[in-house]
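S.K.: pasting the structure only:
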């Protein structure tokens, strides 16, 4: 268990589910880094429908723009005291936050020397290729786990039915098989670390890194939102590789 030895100086903004509990993968990626680096922080919970108001209140920059040009505010975001003035400084992009934490707190690096570019490419591949068949499953399931007001924020007034590919039957099995195929292909790549180059579990060979936290944050998302369907399946995939990675990261899963 990670016990901060000083009052928190970093605030991490997170969005709860109906539980409530931490589930969002991009936010978990930052939380894992904070815990791994043993940085004291506190979590502030922000409901989905309050994200824009809360981010504007702390002068966070929008993370993207909609088709109409309207700024879009999303989490994660962190607030930290400026190193010279002490005034709050807010970062609101997952990649920018990870970069800031690595540069500002270099102890226990998540980007070992010379690996930054390769890890960034790896995480981009993870997002754009490996996770694509997972999103049509996890996004609706996540919607149903949100508090009622947050659900209405996304769907409008009409209720959202359960999509056919999430209902028991052949379509559901086909959807999960497409996810399994991508995870198996990723496992084959990572298995090249077996032997002298590493233990075959983590992306950099022997030590946890940013790439591992990017994968593990997705595993946490699945375990929290789809424990009986998704996580129960993934535990048996790729010879148990994903459970072994989970076990390597579990010491950094505290929510402070």
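M.R.: Yep, that arrived. Predicted model, so just to flag it, every value in this text is computed and none were measured. Numbers count the residues shown, from 1 in each chain.

S.K.: for the rest of this, base every contact and every neighbour count on C-alpha atoms.
M.R.: Will do.

S.K.: now stretch 245-253: average pLDDT?
M.R.: Stretch 245-253 shows a mean pLDDT of 96.

S.K.: got the end-to-end distance for it?
M.R.: 12 Å (Cα to Cα, to the nearest Å).

S.K.: okay, buried residues for that stretch please.
M.R.: By 16 or more other Cα atoms under 10 Å, the buried positions in stretch 245-253 come out as 245-246, 248-249, 252-253.

S.K.: nearest to residue 37, of those?
M.R.: residue 252 (9.3 Å; Cα to Cα).

S.K.: now the closest one: how far from residue 9?
M.R.: In terms of Cα to Cα, residue 252 sits 18 Å off from residue 9.

S.K.: can you check residue 43 too?
M.R.: In terms of Cα to Cα, residue 43 sits 11 Å off from residue 9.

S.K.: show me which of those two is the more surrounded one.
M.R.: Set side by side, residue 43 and residue 9 show unequal neighbour counts under other Cα atoms under 10 Å, the larger going to residue 43 at 17 against 13.

S.K.: just list whatever residues bridge to the more buried one.
M.R.: residue 12 (DSSP bridges).

S.K.: oh, and call the first residue 641 from now on, that's how I've got it
M.R.: All set: I'll call the first residue 641, so the last point we hit is now residue 683.

S.K.: does it touch residue 656 like I think?
M.R.: No: at 10.7 Å, residue 683 does not count as touching residue 656 under the criterion of Cα atoms under 8 Å.

S.K.: what comes up buried for stretch 814-823?
M.R.: Along stretch 814-823, these residues count as buried under the neighbour rule (16+ other Cα under 10 Å): 815-816, 819-820, 822-823.

S.K.: state the mean pLDDT of that stretch.
M.R.: Confidence for stretch 814-823, expressed as mean pLDDT, is 96.

S.K.: which residues does that stretch contact?
M.R.: The contact list for stretch 814-823, computed with Cα atoms under 8 Å, 6 or more residues apart in numbering, reads 769-771, 773-774, 777, 805, 870, 874, 877-878.

S.K.: can you tell me which two in these are farthest apart?
M.R.: 805 and 878 (23.3 Å).

S.K.: do you know how far residue 829 is from residue 885?
M.R.: Distance of residue 829 to residue 885, given as Cα to Cα: 15 Å.

S.K.: kindly report the same for residue 854.
M.R.: Distance from residue 854 to residue 885, counting by Cα to Cα: 11 Å.

S.K.: next: residue 835.
M.R.: Counting by Cα to Cα - residue 835 and residue 885 are separated by 17 Å.

S.K.: okay, how far is it across stretch 832-842, tip to tip?
M.R.: With Cα to Cα as the measure, the ends of stretch 832-842 fall 11 Å from one another.

S.K.: tell me the domain ranges of this protein?
M.R.: 650-744, 756-892 (automatic domain parsing).

S.K.: among the ones you listed, which is nearest residue 750?
M.R.: So among the domains of the chain, domain 756-892 is nearest, using Cα to Cα, at 4.3 Å.

S.K.: so where is this structure shaky, pLDDT-wise?
M.R.: Along the chain, segments meeting pLDDT under 70 span 641-648, 658-660, 723-724, 726, 791-809, 836-838.
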